[in-house]
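1. build the 3D model from these lines:
(one chain, ligands or ions: 1)
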Amino acid sequence: DQIKPQPGILDIALYEGGKAHVAGVANVIKLSSNENPFGPSDRAKEAFARTVHSLHRYPVTDHADLRAAIAEVHGLDASRIICGAGSDEIITFLCQAYAGPRDEVLFTEHGFLMYRISALAVGATPVEVPERERTADVDAILAACNRRTRLVFLANPNNPTGTMISGAEIARLAENLPPQALLVLDGAYAEYVEGYDGGAALVDARDNVVMTRTFSKVYGLGGLRIGWGYGPRHVIEVLSRIRGPFNLSTTQLETAEAAVRDQDYVAKCRAENTRMRSWLANALAELGVPSDTSMANFILARFASAEEAEACDAFLQAQGLIVRRVAGYKLPHCLRITIGDEASCRQVAHAVGQFKGVK
Ligand code: PMP
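-> Next up is the predicted model:
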């Protein structure tokens, strides 16, 4: 008899990341993980390199400099920021702190897979709420809430759909949650939306809303694993107790600090993403492959059937173009395509055109 893990753990499906290789194809273009095709800013890379001189020292435990930089750039209260190894780790902390056996953790139908993993890992019950036209439905979320609901995760913009709901809708959700439930606004793609604060003002206005953010997307630092959360004082104080002193390395902290201080780079990447996203969405729509209006750094291309999407995926892969079939194939007729640089976008459109038989 094998020693058994805690209940829930064996219900977790192993996470499959975006493919990075195709057998037999030497030069691939990876458009499967919503990464910034331009990588991190030069200032971030320089800061990264400098940390080689202090690797024998333990990192600081309070993350004061990184929190101060984030607070300054976003106009936030530094004492209500917590930093972690990607926003994944902040999601994990939230589940550890607020959910357990018999509790429910809500998220939308096509929500990010980590919500389910983190809920099951603490023995809580994941509850998937239906969306309307691949967009979060506040009424459906509220209808799914009950006395066991502890956390409601909502990515805005959402991955893999790219859709977004309004600030007014989010405020309505926060206002009507049961008193024991916390709303987590996942802003992994917030920087791609010009002028959007990721929900920070709502966090400031209420005591039941937390925002999570990441350096993995527009900052181009997915490989380094840095994210952060912003919340009411009582929540940050709780999460800080379980964070542990050394969850982030000196390299992570100093690179992220330099990255967040380089907002010109963020603005440049956002502008280029917006330009190529609308170009690619239009090009594919003209080929008979529509997508919802995406506010993020990817589009969810819809094919006529799951078979067609699968065939197109294989056709693209044979040319070294790696895109993503998504959300455990709950959208089997869709392919999620990260917005790469201009050349990659043109290659994708060209290949889809060939696939569709358009010369
Ligand atoms: N939230 C959403 C909606 C995401 O798409 C991702 C990355 N795929 C994350 C959170 C986690 O990102 P990271 O842990 O790299 O910060």
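2. wait, a strand at Ala20?
-> No. Counting by DSSP: H, G, I helix; E, B strand; the rest coil, Ala20 is not part of a strand but coil.
3. ok, it to the ligand distance?
-> Note on Ala20: its distance to the ligand, by CB to the nearest ligand atom, to the nearest Å, is 14 Å. C-beta coordinates here come from the backbone N, C-alpha and C atoms, glycine included.
4. touching, that residue and Glu35? I think so.
-> No. Using CB atoms under 8 Å, Ala20 is not in contact with Glu35; the gap is 10.3 Å.
5. list the contacts for Asp262?
-> Neighbour list for Asp262: Ser41, Arg43, Ala44 [criterion: CB atoms under 8 Å, 6 or more residues apart in numbering].
6. got the residues of this protein near the ligand?
-> Neighbours of the ligand within the chain, by CB under 6 Å from any ligand atom: 34, 86-88, 112, 155, 159, 186, 188, 214, 216, 222, 227.
7. how about a cut-off of 8 Å?
-> Those residues of the chain that sit near the ligand, judged by CB under 8 Å from any ligand atom, are 33-34, 85-91, 111-112, 114, 155, 158-160, 186, 188-189, 212-217, 222, 225-227.
8. for the ligand, what's the nearest residue on this structure?
-> Shortest the chain-to-the ligand distance, computed as CB to the nearest ligand atom: residue-wise this is Gly86, at 2.6 Å.
9. thinking again about what came up before, mind checking which of the residues of the chain next to the ligand land in strands?
-> If you go by DSSP state E, the residues of the chain next to the ligand have Ala155, Asp186, Thr212, Arg213, Thr214, Gly227 in strands.
10. possible to save those residues as a markdown table with neighbour count and distance to Gly24?
-> Formatted as a markdown table, those follow (neighbours: other CB atoms under 10 Å; distance: CB to CB, whole Å):
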| residue | neighbour count | distance to Gly24 |
| --- | --- | --- |
| Ala155 | 28 | 35 |
| Asp186 | 30 | 37 |
| Thr212 | 29 | 39 |
| Arg213 | 29 | 39 |
| Thr214 | 24 | 33 |
| Gly227 | 25 | 36 |
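11. which of Ala20 and Glu35 has more neighbours?
-> Glu35 (20 against 10; other CB atoms under 10 Å).
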